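output the structure for:
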Amino acid sequence: MSAALPLLLTKLEGKIDDWRRFERKNYNRALGDGDAVPFAPVPFPDSSLPDANPSTPTLLTSLAAIDALEIAELGEYCSRYYPARVYTVSGAGAGLGADGADERERGRAGSAVAGA
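Predicted coordinates for the structure are as follows:
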């Protein structure tokens, strides 16, 4: 039975990380555009926080900060939050996700709905 304990703890840590990301996303949705109260950092899938990572280009504290991202910065965020997807960050497909949808428009639409 003690051999199963590490596996159980690993699964439990994963669930806690999933809950933390869920909680932060919902908290940020309730803030509207993030101008009055800045967005809280949402952990990456590896559980690291963007504000604790020196390779994070810009902190996403509001919709204005998201809108101001350069295409390369947007690609960096998308690849960190969704590592299984392939993103292009230059040329004709700049900012497009694996399904061809523009990640900026998808983010704006989600934020607009959440702020309503």
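
need the longest helix for the protein.
As assigned by DSSP state H, the longest helix anywhere in the chain is helix 4-30.

list the buried residues of the helix or strand following that helix.
For helix 4-30, the succeeding helix or strand toward the C-terminus, using DSSP states H and E, is helix 63-67. The neighbour-count criterion (16 or more other Cβ atoms under 10 Å) identifies 63, 66 as the buried residues of helix 63-67. In short, each C-beta sits where N, CA and C put it, glycine included.

could you say what helices and strands helix 63-67 packs with?
Secondary-structure packing of helix 63-67 (3 or more Cβ pairs under 8 Å, 6 or more residues apart in numbering; DSSP states H and E): helix 103-115.

identify the residue spatially nearest to the residue sitting nearest the centre point of the chain, adjacent ones excluded.
Against the mean C-alpha coordinate of the chain, by Cα atoms, centre = their mean, the closest residue is residue 81 at 4.8 Å. Spatial nearest neighbour of residue 81, excluding adjacent residues (Cβ to Cβ, 6 or more residues apart in numbering): residue 44 at 6.3 Å.

looking at it, the one you found is touching residue 51, isn't it?
No: counting by Cβ atoms under 8 Å, residue 44 sits too far from residue 51 to count as a contact (11.1 Å).

higher neighbour count, those two?
residue 44 (19 against 11; other Cβ atoms under 10 Å).

local confidence estimate at that one?
The model reports residue 44 with a pLDDT of 86.

next: residue 26.
pLDDT at residue 26 comes out at 93.

burial check on it, number of neighbours?
Around residue 26 there are 10 residues (other Cβ under 10 Å).

any stretches of this structure with poor pLDDT?
1, 57, 87-116 (pLDDT under 70).

let's go with 50 and repeat that
91-100, 103-104, 106, 108-116 (pLDDT under 50).

contacting residues for the spatially closest residue to residue 47 that is not a sequence neighbour?
Closest residue to residue 47 apart from its sequence neighbours, by Cβ to Cβ, 6+ apart: residue 17 at 4.9 Å. Neighbour list for residue 17: 43, 45, 47 [criterion: Cβ atoms under 8 Å, 6 or more residues apart in numbering].
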